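Asker: quick one, what's the 3D model for this:
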Amino acid sequence: MSAYVIFIRENTTDAAEMQLYAQTAPAARAGHDITRVAFYGALDVLEGPPTEGVAILRFNDMDAARAWYNSPAYQEAREHRFKGAEYRLLLVEGSDVTPA
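Answerer: Now for the predicted structure:
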């Protein structure tokens, strides 16, 4: 079943670190089948606290998403994200239901 990694950027604390994250994170995609479903586009918060941005990445399954997240390339890149912003990061399994 597909899996989705959902990034919710709540607050940027260091724009320079976020720029470094933006430069290093793409290298972590190498060797991983990732589809950008949404990537920091326009958003409306309908419920809950405001947020700065949201990105959603689709993977083939939960194991594939974890392999990407735990890869050395992403572990290195995420250090800049940790220093640059407050995030919530979720991994959720997709339903993969096909309409009849």
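Asker: OK, contacts around Met1?
Answerer: 61-62, 93-96 (C-beta atoms under 8 Å, 6 or more residues apart in numbering). All C-beta atoms are positioned from the backbone trio N, CA, C, and that covers glycine.
Asker: now render those as JSON lines, adding secondary structure.
Answerer: Below are the contacts of Met1 laid out as JSON lines (DSSP: H, G, I helix; E, B strand; the rest coil):
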{"residue": "Asp61", "secondary structure": "coil"}
{"residue": "Met62", "secondary structure": "helix"}
{"residue": "Glu93", "secondary structure": "strand"}
{"residue": "Gly94", "secondary structure": "coil"}
{"residue": "Ser95", "secondary structure": "coil"}
{"residue": "Asp96", "secondary structure": "coil"}
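Asker: just give me the least confident of those.
Answerer: Ranked by pLDDT, those bottom out at Asp96 (73).
Asker: contact partners for it?
Answerer: Contacts of Asp96 by C-beta under 8 Å, 6+ apart are 1-2.
Asker: Met1 versus that one, what's the distance?
Answerer: Using C-beta to C-beta, to the nearest Å, Asp96 is found at 5 Å from Met1.
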